[in-house]
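> how would this look folded up:
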Amino acid sequence: NKERFHNEKDDLLKVGLAESSYVTVDDSSARHKGKNGYVTHIGNDFFAWFSSTDKKSRANFLSLLQSKKTTYFLCEDAFEYMLTRQLPPFQIEKLKVLTELEYSDKDSWEELLESIGITSIRHVRSATEGALMGALLKDNNLEHLAIISDGAGQFNILQHGLCWVHAERLIHTMIPLNEKHREDIKIIRGKIWDLYKELKQYKLSPEKREATRLSEQFDDIFSQKTSYEILNQCLRRLGKLKEK
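Just a heads-up that it's a prediction; the model follows:
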């Protein structure tokens, strides 16, 4: 007799996504009803939503974003996504014949794919993700929703960006071998969060010259050399993720 609470939770996600410009997302191993699985969090400063599933994948994440009911919808958004996921054009053409059709359960969707000869694991995955994306965008204006994550591939949809907390944590958790290493880590962490504060300030009043300065500041931080080689390697790795 808890259905009304589940309905309220699902409504919370739908409204939260509709009213937000961004959400932060993450998943973690968790036991549910005595079985190993995963818990996924979606939220921001204004709401937090959780769900337990038996696996994690991009298809699973797209299903969760649909909230109440998972459906598969074939439309231009779906086909565009499939193309970016390298589903061969001849396979997409098979699906285009079925444009505007909606499938309300996983079994009927998988039966359709098998009936038209889309059977390889990679092709099934790309087609399924595309149809889930089509259903997600059908009744929701989410094209510009920013998805902020730790970089896990299952979250790389819509406008995907990386989380500063997850990035800086790689440095925060480093174990210094001496006092100089400890000091270098402290200085780098300070510079990273100073840049983050300046980026937040920039958002309030964007200006081209300031954008250039902040970009150069990013490069200076993540290209510098310290006394700690492991820290240097981490900085270079993070520097390559600048666009995200």
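
> what pLDDT, on average, does the longest strand seen in the chain get?
When the chain is parsed with DSSP state E, its longest strand is strand 22-32. The predicted model assigns strand 22-32 a mean pLDDT of 92.

> and what of stretch 173-180?
96.

> in PDB, list the C-alpha atoms belonging to it.
Extracted in PDB, the C-alpha atoms of stretch 173-180 (Å, rounded to 0.1, in the frame of the first residue of the first chain):
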ATOM      1  CA  THR A 173      43.000  11.800  -2.000                       C
ATOM      2  CA  MET A 174      46.700  11.800  -3.000                       C
ATOM      3  CA  ILE A 175      49.100  10.600  -0.300                       C
ATOM      4  CA  PRO A 176      52.200  13.000  -0.200                       C
ATOM      5  CA  LEU A 177      55.500  11.400   0.300                       C
ATOM      6  CA  ASN A 178      57.100  14.400   2.000                       C
ATOM      7  CA  GLU A 179      56.300  17.900   3.300                       C
ATOM      8  CA  LYS A 180      57.000  19.500  -0.100                       C
END
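
> can you check the pLDDT for the closest residue to Ala30 other than its chain neighbours?
In space, and not counting its chain neighbours, Ala30 is closest to Val39: 4.0 Å by Cβ to Cβ, 6 or more residues apart in numbering. Where you see a C-beta, it was placed from the backbone N, CA and C, and this is true even at glycine. You'll see Val39 listed with a pLDDT of 94.

> and the next element down the chain from the strand or helix carrying Val39?
In this assignment (DSSP states H and E), Val39 forms part of strand 35-43. Toward the C-terminal end, the helix or strand that comes next after strand 35-43 (DSSP H and E) is strand 48-53.

> buried set for the strand holding Val39?
38-40, 42-43 (16 or more other Cβ atoms under 10 Å).

> helices and strands around the strand or helix carrying His123, which ones?
If you go by DSSP H and E, His123 is part of helix 121-138. Judged by 3 or more Cβ pairs under 8 Å, 6 or more residues apart in numbering; DSSP states H and E, helix 121-138 is in contact with helix 58-65, strand 72-73, helix 76-84, helix 89-96, helix 106-115.

> and that helix, what's buried?
123-124, 126-137.

> could you do stretch 183-199 as well?
184-185, 188, 191-192, 195.

> going by distance to Glu80, which of those residues wins?
Leu195 (34.6 Å; Cβ to Cβ).

> which other helices and strands does the helix or strand where that closest one lies contact?
Element membership for Leu195, per DSSP H and E: helix 179-204. Contact here means 3+ Cβ pairs under 8 Å, 6+ apart; on that basis helix 179-204 packs against helix 164-172, helix 208-223, helix 229-239.

> give me the angle between that helix and helix 208-223.
Computed by axes from the mean of the first three to the mean of the last three Cα atoms, to 10 degrees, the angle separating helix 179-204 from helix 208-223 equals 160 degrees.
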